[in-house]
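# missing the sequence, but the structure's below:
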């Protein structure tokens, strides 16, 4: 062990001398490549230097905060091409501005590649050539503007792709070609406005797609259709106002989030293999729930909070099974009695606590339901200036309104 530590120290000092004399950049005094946390001489963490003198036996290499001139891939390829045993490579904040040719062609053992906080706006169809074993690729915050057609096609084993916080504006239909093993893709915080209708079709193994905080206005036809392994789909905080009727055909999504968008009506989920178990449509601009919108669907959690819903049509929930239903933050004043069968199986129902609910006999069923569930903070209505909590009465009372000289009824 003592001999091993001396060897490691000698190697570190050798690297310091070799790198310190580099003519391609001028590192500050004493900056060097340090042996990584594992203490193995094949693992290195390099800061503020150019990696031009590392041994070919390196398996893990972390390059951070490079002080070289704008580092083009030709220079980088020269540095790392000798490291044929590399399994994990991280190049963060290294001022990479361009990729030319098959940069990693010699690094065929790579399984993890991180290129964060750089400054390249695109890459080529051959950039990742040879990386057939790569499983994770992270290009977060690297000012990427364009994803080239077939740019990821060599990555047949890739499981995780992170391209969040870039400047990508559109996704072509060949952008993800070849990614048949991909399970997770994160595109959060870009400026994506359009996605080709077949863009995600190569991703037949994908389980999670994240698209929050973009500029999407529509979900085109067949976009997610027949992605049979898709479990999580997040499109919150876009500007989506329309969803094609076959966008989710053949899917069985566990969690679907389309909250904080511009939807004015409920999307079609009847072509799904099974409806989303958790469906979040809150903070949209939905004005009504039409007959059949949720008919026959089995949903664990349905969130319709903070829309502009003023009307729920008869039959909107016919034959549906919902465990948690949130209708708060809307403009409802009544619910159709056809919902009574569905509500019998609801464990949690959230309605607004306001006094604008209609005091009519057609709502007697709701008063009885709320009383049976011991709801003390639910909808109320005002009758003759008296505030009556929902669920405190089970009969419909007809009384005379002396001020307006007409009859009114109160079920509450």
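Perfect, thanks for sending it. None of these values were measured; they are calculated from a predicted model.
# What pLDDT is listed against residue 379?
We have a pLDDT of 73 for residue 379.
# measure the closest residue to it other than its chain neighbours to residue 308 for me?
With sequence-adjacent residues excluded and distances taken as CB to CB, 6 or more residues apart in numbering, residue 379 is closest to residue 357, at 4.3 Å. Bear in mind the C-beta positions are built from the backbone N, C-alpha and C, glycine included. Separation of residue 357 from residue 308 (CB to CB, to the nearest Å): 17 Å.
# Who has more neighbours out of those two?
Between residue 357 and residue 308, residue 357 has the larger neighbour count (other CB atoms under 10 Å), namely 25 against 13.
# Assess the claim that residue 343 and residue 351 are in contact.
No: counting by CB atoms under 8 Å, residue 351 is not a contact partner of residue 343; they are 10.8 Å apart.
# neighbour count winner among these two?
Applying other CB under 10 Å to residue 343 and residue 351 shows that residue 351 carries more neighbours, namely 21 against 17.
# That one: what's it in contact with?
For residue 351, the contacting residues are 327, 328, 332, 378, 379, by CB atoms under 8 Å, 6 or more residues apart in numbering.
# Over to residue 339?
Here residue 339 is in contact with 312, 316, 317 (CB under 8 Å, 6+ apart).
# Kindly report the same for residue 232.
Applying CB under 8 Å, 6+ apart to residue 232 gives the contacts 207, 208, 209, 210, 253, 254, 255.
# repeat for residue 323
The contact partners of residue 323, taken as CB under 8 Å, 6+ apart, are 299, 300, 301, 345, 346, 347, 348.
# if you set the cut-off to 10 Å instead, what comes out?
Contact analysis of residue 323 by CB atoms under 10 Å, 6 or more residues apart in numbering lists 277, 298, 299, 300, 301, 302, 345, 346, 347, 348.
# Repeat that for residue 303.
By CB under 10 Å, 6+ apart, the contact set of residue 303 is 257, 259, 278-283, 324-328, 350.
# what's the closest of those residues to residue 242?
Lowest distance from residue 242 to the contacts of residue 303 (CB to CB) belongs to residue 281, with 13.9 Å.
# Quick check: that closest one vs residue 338, distance?
Here residue 281 is placed at a distance of 20 Å from residue 338 (CB to CB).
# more crowded one of these two?
A count of neighbours by other CB under 10 Å puts residue 281 above the other of residue 281 and residue 338, at 22 against 16.
# from what I can see the more buried one touches residue 266, true?
Yes: the criterion here is CB atoms under 10 Å, and residue 281 meets it with residue 266 at 7.0 Å.
# overlap in contacts of the two?
What both residue 281 and residue 266 touch, as defined by CB under 10 Å, 6+ apart, is the set 304, 307.
# Doesn't residue 367 lie inside a strand?
No: using DSSP: H, G, I helix; E, B strand; the rest coil, the assignment for residue 367 is helix, not a strand.
# Roughly how far does it sit from residue 350?
Counting by CB to CB, the gap from residue 367 to residue 350 is 17 Å.
# Same check on residue 91?
Distance, residue 91 to residue 350, by CB to CB: 49 Å.
# Which of those two has more residues huddled nearby?
Ranked by neighbour count (other CB under 10 Å), residue 91 and residue 350 place residue 91 first, with 25 against 17.
# what residues do residue 343 and residue 351 have in common as contacts?
Joint contacts of residue 343 and residue 351 (CB under 10 Å, 6+ apart) are 325, 335, 366, 370.
# I figured residue 83 hits residue 89, correct?
Yes: shown here, residue 83 and residue 89 form a contact pair, counting by CB under 10 Å, at 8.3 Å.
# Would you mind listing the residues touching both of those two?
Common neighbours of residue 83 and residue 89, counting by CB under 10 Å, 6+ apart, are 58, 59, 61, 107, 110.
# Going along the chain, name the strands of the stretch 301-412 of the chain.
Applying DSSP state E, counting those that start in this stretch to the stretch 301-412 of the chain gives strands spanning 311-312, 321-326, 348-350, 380-383, 386-389, 397-401, 406-410.
# let me redo that: the stretch 101-250 of the chain
Assigned by DSSP E, counting those that start in this stretch, the stretch 101-250 of the chain shows strands spanning 112-114, 136-138, 160-162, 170-171, 184-186, 194-195, 208-210, 218-219, 232-234, 242-243.
# Who are the packing partners of the fifth one?
In this case it means strand 184-186. strand 160-162, strand 208-210 (3 or more CB pairs under 10 Å, 6 or more residues apart in numbering; DSSP states H and E).
# I figured residue 260 was touching residue 236, is that so?
Yes: Residue 260 lies in contact with residue 236 (CB under 10 Å); the separation is 5.2 Å.
# which residues are common contacts for these two?
Residues touching both residue 260 and residue 236 (CB under 10 Å, 6+ apart): 212, 213, 280, 282, 283.
# Could you pull up the residues touching the first one?
In this case it means residue 212. 164, 186-190, 234-238, 257, 259-260.
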